[in-house]
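Student: Provide a 3D model corresponding to the input given below.
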Amino acid sequence: MLPENQLKISNKVLLAPLFAVLSIWIVFWVEVKFGFNFNEYGIYPKKLFGLRGVVLSPFIHGSVEHLYNNTIPLAVLTAFLFHFYQKVAFKALFWGILLSGLLTWLIGRSSYHIGASGLIYVLASFIFFKGIITKHYRWVALSLIVVFIYGSLIWYIFPIKDGISWEGHLSGFLTGLFLAFLLKVETPEEKRYDWEKEDFNEEEDPFLRQFDKDGNFIEIEEEKEETPKKIRIRYHYKSKEEGDTSS
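Tutor: Purely as a prediction, here's the structure:
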């Protein structure tokens, strides 16, 4: 049975993914609506003006397809982050955006690097490695879920396809791994049953008392309540004497 605080879903688990998705869609809508092109506000490696993209690039996308491909993973992984690692969620987002952006600025090609994919790699990497490091069964299970859903992302940290910022993906992956070691989290306390405790006495347990040391069932005769003795009541009738005229 899960602890009560693990069953509750915080408002942040719903609001954080919603805010993240709305922010990137609103920026793209403004571009289309007013004819702007925000690509020049992306990360441009090794140029001072390109540093502004460290913070701004996750909100900028080049096409509807690019935007759509990042929307669902961003929402899902952000929800995972705020539900399972709520106490360090904002730190992971802040340092994830900052460090992955700076690393992309250092190692990237001379081109504008835009999109939330770098942040997505930060989240996927952080959630996976944090679960493995803590070895907590619930977080390890979450790590396996992330691998099952987004395991194919690993291939895109290599230059296998033109037109994508593999440098941004690699930077996000490495940043997530770094943050998994850097950010400390409190492992949830596991509920222990009475039979798991060291001072547990088997002889006092009403269930285990029904078995011997070899596991054989012991028939325990229940004490039967004595049947109350029947009480007999005898009635004596006196016949009416002759000559008695009383009525």
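
Student: how far away is residue 14 from residue 67?
Tutor: Taking C-beta to C-beta, to the nearest Å as the measure, residue 14 and residue 67 are separated by 21 Å. Where C-beta positions appear, they are placed from N, C-alpha and C, glycine not excepted.

Student: I misspoke; the intended subject was residue 117.
Tutor: Distance, residue 117 to residue 67, by C-beta to C-beta: 11 Å.

Student: cool, residue 34 as well?
Tutor: Relative to residue 67, and taking C-beta to C-beta, residue 34 is found at 17 Å.

Student: for residue 148, same thing?
Tutor: Applying C-beta to C-beta to residue 148 and residue 67 gives a distance of 24 Å.

Student: When those two are compared, which one has more neighbours?
Tutor: Taking neighbours as other C-beta atoms under 10 Å, residue 148 and residue 67 compare with residue 67 leading, 19 against 8.

Student: Settle this for me: that one is touching residue 28, isn't it.
Tutor: Yes - counting by C-beta atoms under 8 Å, residue 67 touches residue 28, with 5.3 Å between them.

Student: shared neighbours of these two, anything?
Tutor: Taking C-beta atoms under 8 Å, 6 or more residues apart in numbering as the contact rule, residue 67 and residue 28 both touch residue 61.

Student: so what's residue 176 up against?
Tutor: Residues near residue 176 by C-beta under 8 Å, 6+ apart: 96, 121, 122, 123, 124, 125, 126, 127, 128, 129.

Student: nearest to residue 156, of these?
Tutor: residue 121 (8.4 Å; C-beta to C-beta).

Student: how many other residues sit next to the closest one?
Tutor: Other residues within reach of residue 121 by the criterion other C-beta under 10 Å amount to 28.

Student: name the element it belongs to?
Tutor: If you go by DSSP states H and E, residue 121 is part of helix 117-134.

Student: wouldn't residue 73 be in contact with residue 121 here?
Tutor: No - assessed by C-beta under 8 Å, residue 73 is found out of contact with residue 121, at 9.4 Å.

Student: residue ranges with poor pLDDT in the chain?
Tutor: The chain contains residues with pLDDT under 70 at 1-8, 189-247.

Student: Break down it into its helices, ranges please.
Tutor: Using DSSP state H, the helices of the chain run over 4-7, 11-34, 53-56, 64-84, 89-107, 117-134, 137-150, 166-182.

Student: Mean neighbour count, the ones you listed: which tops it?
Tutor: Most buried of the helices of the chain by mean neighbour count (mean count of other C-beta atoms under 10 Å) is helix 117-134; its value is a mean of 24.

Student: can you tell me which residue is nearest the centre of the chain?
Tutor: The chain has residue 84 as the residue nearest its centroid, 3.8 Å off, counting by C-alpha atoms, centre = their mean.

Student: Next up, the contacts around that one.
Tutor: The contact partners of residue 84, by C-beta under 8 Å, 6+ apart, come to 127, 138, 139, 142.

Student: try 6 Å this time
Tutor: For residue 84, the contacting residues are residue 142, by C-beta atoms under 6 Å, 6 or more residues apart in numbering.

Student: didn't residue 118 look like it was pressed against residue 170?
Tutor: No - contact status for residue 118 versus residue 170: not in contact, 9.1 Å apart, counting by C-beta atoms under 6 Å.
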